[in-house]
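Student: following is a predicted model, sequence given first.
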Amino acid sequence: MFRPMRRFKQALSPEGCRAVLERGTAGVLALSGDEGYPYAVPLSYVYADGKLYFHSAKAGHKVDAVRNCPKASFCVIDQDHIVPEEYTSYFRSVIAFGTVRILEEDGEKRAAIEKLAVKYAPASSGEDRGRAIDREWTSLCMLEMAVEHLSGKEAMELVRQREN
């Protein structure tokens, strides 16, 4: 179903892909948008238990696209070090493929926003997090992407560094 990587020697391991998703702070969610145009939107996220979580408004292009077609991909760039003298960059990135759903049940929605809040404000107390979440609760929509396939790749120079 998913294509094998052409440059398989540059492929990240499943563990390497998950590590990129765990340490990343932003990525681009790609959905099928209006009239067949791709819709790619940069988002903050959290990766937990094989799923990606995003916060959203309850209405808009992103939510409409998810309702129309839940299939999506999410790309995170872990590294992009430009090396001008070599006319290249030493890159590492991951693409997750899966399906997105809108979390409707309050308990699962709350659990997802808690995970996101802990990632972006780890020093905050549970009480502070709770107040911040409560302030935004009525307008908050949470999206969950069940990851079905991960693909990661890095520059050959990084592969060689890792091997040495």
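Tutor: Okay, I see it. Not measured: the values here are computed from a predicted model. Numbers count the residues shown, from 1 in each chain.
Student: make it CA atoms for all contacts and neighbour counts henceforth
Tutor: OK.
Student: state the mean pLDDT of the lengthiest helix in the chain.
Tutor: Identified as the longest helix of the chain according to DSSP state H is helix 106-120. In this model, helix 106-120 has an average pLDDT of 95.
Student: what's it packed up against?
Tutor: Judged by 3 or more CA pairs under 8 Å, 6 or more residues apart in numbering; DSSP states H and E, helix 106-120 is in contact with strand 46-48, strand 51-57, helix 126-136, strand 140-154.
Student: could you give the angle of the second one to strand 140-154?
Tutor: The one in question is strand 51-57. 140 degrees (axes from the mean of the first three to the mean of the last three CA atoms, to 10 degrees).
Student: distance from the chain centre to strand 51-57, please.
Tutor: 9 Å (CA atoms, centre = their mean, to the nearest Å).
Student: now swap in stretch 2-12 and tell me
Tutor: The answer for stretch 2-12 is 20 Å, by CA atoms, centre = their mean.
Student: by contact count, what packs against the helix or strand of the chain with the lowest mean pLDDT?
Tutor: Ranking every helix and strand in the chain by mean pLDDT, DSSP states H and E puts helix 156-163 at the bottom, with a mean of 83. Helices and strands touching helix 156-163, by 3+ CA pairs under 8 Å, 6+ apart, are strand 88-102.
Student: is the residue with the largest distance to the centre of the chain in a helix, a strand, or coil?
Tutor: The centre of the chain is farthest from one residue, Glu85, which by CA atoms, centre = their mean lies 31.9 Å away. Of the three states, Glu85 takes helix under DSSP: H, G, I helix; E, B strand; the rest coil.
Student: rewinding a little: Glu105: which of the helices and strands packed on helix 106-120 is closest?
Tutor: Of all those, strand 140-154 sits nearest to Glu105, with 10.1 Å by CA to CA.
Student: quick one: contacts of the closest one?
Tutor: 2, 5, 10-14, 16-17, 50-58, 90-103, 109, 112-113 (CA atoms under 8 Å, 6 or more residues apart in numbering).
Student: give the PyMOL command for selecting the buried subset of those residues.
Tutor: Selecting only the buried entries of the contacts of strand 140-154 in PyMOL, with 16 or more other CA atoms under 10 Å as the criterion:
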select buried, resi 10+11+12+17+51+52+53+54+55+56+91+92+93+94+95+96+97+98+99+100+101+102+103+109+112+113
